[in-house]
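1. Give me the fold of what follows.
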Amino acid sequence: MEINRGLFLVLLVFLLFFTPTGNPPHLTSPDEKAHLNLYFQLQRNETELLKTSTYRYIPGNITGISYPQNETGFIPTSIETIAKSLWHSESTQDQIEKQITNIQYSEDNDDESFQKLQLVFYGNYSGLFHGLWEKPLISKLFPRDMQVPEIFRHSDNDEEEALPSATNNSSLIHEPAHQPLSQKPTMNKILSAPVEGNITESEGNISFSIEEAIPKDASNPNITIITMRISITNTEESSSYTINLKGLHIKPTGNVVLTTESLKYSGLQYLPHLVLDEKYFEESKELMLQYLNNTLTKDEYEEDYLVFEDSEMAAESCEFVLYGHFKSVHLSANHLRDIEDEIENPVGRPLKKIPSMVLESIIYSPDCAFAVQAQDSQGEKYEQYWSRIRTVVVACVLLIIAQAYLLARQMKDTNTPSYMCKVSFYTIAMNSVIDGSVWMASFASSFVEDLALSFMAIAFLSFALTSMFEMRYLVKIYQAQMSERQADVRVRDAMMDHNGTATFSVLSDGSFVTPSPRPQQQPSGDSSILPISEPPSNNEPQEDLSERAIGSKIYTWFYFSLIGFISSALIAATWPLYYRRIYEFVVVLGFYSMWVPQIQRNISRGFRRSFLWQFIVGSSALRLIPVLYFTLVSNNILRHHYDPTLAIATIIWLTIQIVVLYLQNVFGPRFFLPKGYLPALYDYHPILTQSDDIEDGVSISESAAPVPKKFSRASSIASTNASVSSKLLGGPSNTNDSVGTSGNLNNSSSFNEAAQSVANKDLVSRPTVDCAICMTPVELVITPKASSAAFVSSPALILARRKYMVTPCRHVFHTECMEQWMRTRLQCPICRNPLPPV
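-> Model prediction:
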């Protein structure tokens, strides 16, 4: 039983996606369990130190916390100054209360005065933020000496190996300075220029992904736990770094403070001491103690060694502290609360423009000794982001439906093999790869819980468009065009000149006979007297023309092309911006060269009309919309960079292709190529000429080709044409007077009139043969072999030849009968040999 390889690949993809993950890791050795217990014990001890501590005073040592001699605290003065300016950029609640009290006792108080003084913040800042970062203008920073505790160092490693360095495969972030920079060979490979513990670039892009925990009780109404994932890249996007932080959100003031944690830095145990307002210290300490105790209890119960491994791996990276402030919204508290309720639980309430969330922040690394500042990072809630994605998905669904409609119209218009031969296989194939990529991307995105239904809809429609329409159409086109190679061989044989090659012959009754094959020439250097044998017959097996075999072949090609394209796209997504833009230009302009194969086919086959103009213009416009969205809309769902150059180049390139197709339809498919570069085409209305040898009958030559020089200059031609020209035109009986060296007549109009009268005389014979389709006689037009090109190209003879068609296999039919036959089948009605399309 034959295996459908396309179905096998689909099942393989489903298997990879739906195979459940393995069991969680378990303790494999007593040493790992001992390390895990020591780690939990250290966490418990440092949590107890936090419990007994007061603001900025800890009765003991917390891992990674050290105060340099020139600093009064863990955070440098320059960083703390910037952090305080962010935290106090807007009036604090105490200052507002004082101003409200003063307004209450004044005579000109009104509601607008109270509203201007209110600080209104979102209740939950879970969402996505994007902005730019730059280096702050501060004094030189000195690194903190953070080391992994001695109990976790391996005894067989030296101190340098026991304390992992902060390499992160990024040119942005430096290693901790527990050893001199000159002694770090890994940094010399990363840095492009020697620096002193700061980032190598001065600016770049930054994005924040924030998750704010909703408290189950109201014990800490003013402070919540917040988790943040930061992605920092330089302007060229040649390097990136990801930071995971946890911290506190002080809701009355909109301030946040977050920190990392690892085996060399217990940031969460020290986090309440990083709060800049002492009034929130006790509440922050109580919340962090509750969070740490719950987390430790859970980890101790599960005994998952990954907890220790994650902390150990985090020690290889830089540590960070973030101070930030969410800007207040210029709305009333009730109005903003209604907006949040509608966003989180939509019921259709009308809303005004939703104000964006704005975050200002400064990020400081104590061990890597650098800082970056991000101002006015614009953000939106996850619900808003999911809503925008759903809107784009709905638009994609409409585009796919429109494409399917246009393709169905095109398939209906080209529903016969004759019309399918005019359509380029590769044009539809390029579109199918694009639609297949949409199908795979939407199928993978359907595993996102909040977007599952939307992406399942677009996955189904794109799969239907690809498999049920485009792939089916490709199979039909390929099946219709498979016989072209055999037909081309017969066409080349039929269009060969008379210089030692086979010719078509007609007997006296007008029937064609098979010409004798050419004798094989003996090589000049071979003195053998043995006769040359005939070439062996071609017994190679013919290609399977069944629809199943063709479908299996095309589906295999399609899936491998699709996998190759998706793999290259995923790899290119990790490249720097410069190389990624080159890849995008090559891929987009390559895939949007969809009409180039059709232009080439029109030239090679001589077709004027191929696709419907509705399909050409409509599908081009529909497929151009996604490119314009991702290149011209800076706030697109994929955060693709703004690139108007690519958009303009794609529009111009598509327009050029459509214009060329239109000009081919108006002026002919080969109007812009010199005649010497034009491939030969078979003419179903050839010129039939009388052969010199009576036994050879009649020969067929190419209608568009001039008479060969050896015949046009021959005395027999000169005498025949000269006598006809002299008799009809009243000129001298001279060849040069009737036909010049360039083949032009002195009086072509008079000659055409004469040729029309001669066509009915003895110079043109008109034998008849039976048409195998309608079984009625077909009258042939046979001219003398010595006739001039102008004579055989007269309008009367051209119209007479248009009444019948001669196939490459030397069979004659009425033009109307044969054209109707070829609309359904491109085979000779008599011998069933493949025929070239008209």
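2. Can you tell me how far Ile563 is from Trp557?
-> According to CB to CB, to the nearest Å, Ile563 stands 11 Å off from Trp557. For every residue, glycine as well, the C-beta is placed using N, CA and C.
3. If you could redo that for Ala549, that was the one I meant.
-> From Ala549 to Trp557 the distance is 13 Å (CB to CB).
4. likewise Pro59?
-> Taking CB to CB, one finds Pro59 at 73 Å from Trp557.
5. now do Ser356
-> From Ser356 to Trp557 the distance is 47 Å (CB to CB).
6. go on, Trp821?
-> Separation of Trp821 from Trp557 (CB to CB): 32 Å.
7. Neighbour count: the two, which is higher?
-> Trp821 (20 against 14; other CB atoms under 10 Å).
8. dump the residue contacts of that one.
-> Residues near Trp821 by CB atoms under 8 Å, 6 or more residues apart in numbering: 773, 813, 829.
9. For stretch 482-498, the averaged confidence score.
-> Here stretch 482-498 scores 63 as its mean pLDDT.
10. Same question for stretch 258-266.
-> In the prediction, stretch 258-266 has an average pLDDT of 93.
11. end-to-end on it?
-> The straight-line separation of the ends of stretch 258-266 (CA to CA, to the nearest Å) is 12 Å.
12. Could you list the residues in contact with that stretch?
-> 39, 42-43, 46, 62-65, 146-149, 152, 163, 226, 228, 243-248, 267-268, 270-271, 274, 308, 311-312, 314-315, 317, 319-322, 324, 367.
13. Buried ones among these?
-> By neighbour count, with 16 or more other CB atoms under 10 Å, the contacts of stretch 258-266 hold 39, 42-43, 46, 62-65, 146-148, 152, 163, 226, 228, 243-248, 267-268, 270-271, 274, 308, 311-312, 314-315, 317, 319-322, 324, 367 as buried.
14. Among those residues, name the ones in strands.
-> Judged by DSSP state E, strands contain the following of those: 226, 228, 243-248, 321-322, 324.
15. Save those residues as JSON lines, and put in distance to Gly379 too.
-> Shown next, in JSON lines, are those (distance: CB to CB, whole Å):
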{"residue": "Ile226", "distance to Gly379": "13"}
{"residue": "Met228", "distance to Gly379": "11"}
{"residue": "Ile243", "distance to Gly379": "17"}
{"residue": "Asn244", "distance to Gly379": "18"}
{"residue": "Leu245", "distance to Gly379": "16"}
{"residue": "Lys246", "distance to Gly379": "19"}
{"residue": "Gly247", "distance to Gly379": "17"}
{"residue": "Leu248", "distance to Gly379": "18"}
{"residue": "Val321", "distance to Gly379": "21"}
{"residue": "Leu322", "distance to Gly379": "15"}
{"residue": "Gly324", "distance to Gly379": "11"}
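16. possible to save those as a markdown table with pLDDT and distance to Ala569?
-> Converted to a markdown table, those look like this (pLDDT from 0 to 100; distance: CB to CB, whole Å):
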| residue | pLDDT | distance to Ala569 |
| --- | --- | --- |
| Ile226 | 95 | 34 |
| Met228 | 96 | 29 |
| Ile243 | 93 | 27 |
| Asn244 | 94 | 27 |
| Leu245 | 96 | 31 |
| Lys246 | 96 | 34 |
| Gly247 | 96 | 36 |
| Leu248 | 95 | 40 |
| Val321 | 95 | 37 |
| Leu322 | 96 | 33 |
| Gly324 | 96 | 35 |
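17. what's the most distant pair in those?
-> Across these, the two members that end up farthest from each other (CB to CB) are Ile243 and Leu248, 16.7 Å apart.
18. pull the longest helix from the chain.
-> helix 382-413 (DSSP state H).
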